[in-house]
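>>> Sequence first, then the predicted structure:
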Amino acid sequence: MPLSQQTDYDLFDYDYSNPPLPLDEAMKKAAELRAKSGGSVFYRIVPVDSKETGFRVVSVQSQEAVNDFMSRFSQWMSRFSIRRRSV
């Protein structure tokens, strides 16, 4: 679900032991975790609220990240091909 369609309710997290991070710290933490992982796990930075004032680093299986990318890429390509056919 794109961030623009998510509400604060969708993004609410009960994990109080892991406070939200500023974007620059979240990027550093994600880079450190990516360097330590063997490529089987991908780390994403996700906003905590719709105002994007705090962020968390979440782990995602690499296959899920690849599937998500391929889905977005195919949607983009289909929009591009539809525009080319109409010209």
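Arrived safely, thanks for sending.
>>> and residue 29, helix, strand or coil?
Classification of residue 29 using DSSP: H, G, I helix; E, B strand; the rest coil returns helix.
>>> That one: what's its closest spatial neighbour, skipping adjacent residues?
Excluding the flanking residues, the one nearest residue 29 by Cβ to Cβ, 6 or more residues apart in numbering is residue 57, at 5.1 Å. Every C-beta, even on glycine, is put in place using the N, C-alpha and C of the backbone.
>>> Model confidence score at residue 24, please.
We have a pLDDT of 93 for residue 24.
>>> how close does it get to residue 67?
29 Å (Cβ to Cβ, to the nearest Å).
>>> related to what we said a few turns ago, and the gap between the residue nearest to residue 29 and residue 21?
As judged by Cβ to Cβ, residue 57 and residue 21 stand 7 Å apart.
>>> and for these two, which residues touch both?
The contact sets of residue 57 and residue 21 overlap at residue 29 (Cβ atoms under 8 Å, 6 or more residues apart in numbering).
>>> helix, strand or coil for the residue nearest to residue 29?
With three-state DSSP as the basis, residue 57 sits in strand.
>>> Pairing partners for it in the sheet, please.
residue 45 (DSSP bridges).
>>> give me the number of residues near the residue nearest to residue 33 when sequence neighbours are not counted?
In space, and not counting its chain neighbours, residue 33 is closest to residue 43: 4.6 Å by Cβ to Cβ, 6+ apart. Other residues within reach of residue 43, judged by other Cβ atoms under 10 Å, total 19.
>>> ok so residue 43 is a strand residue?
Yes. Looking at residue 43 with three-state DSSP, it is inside a strand.
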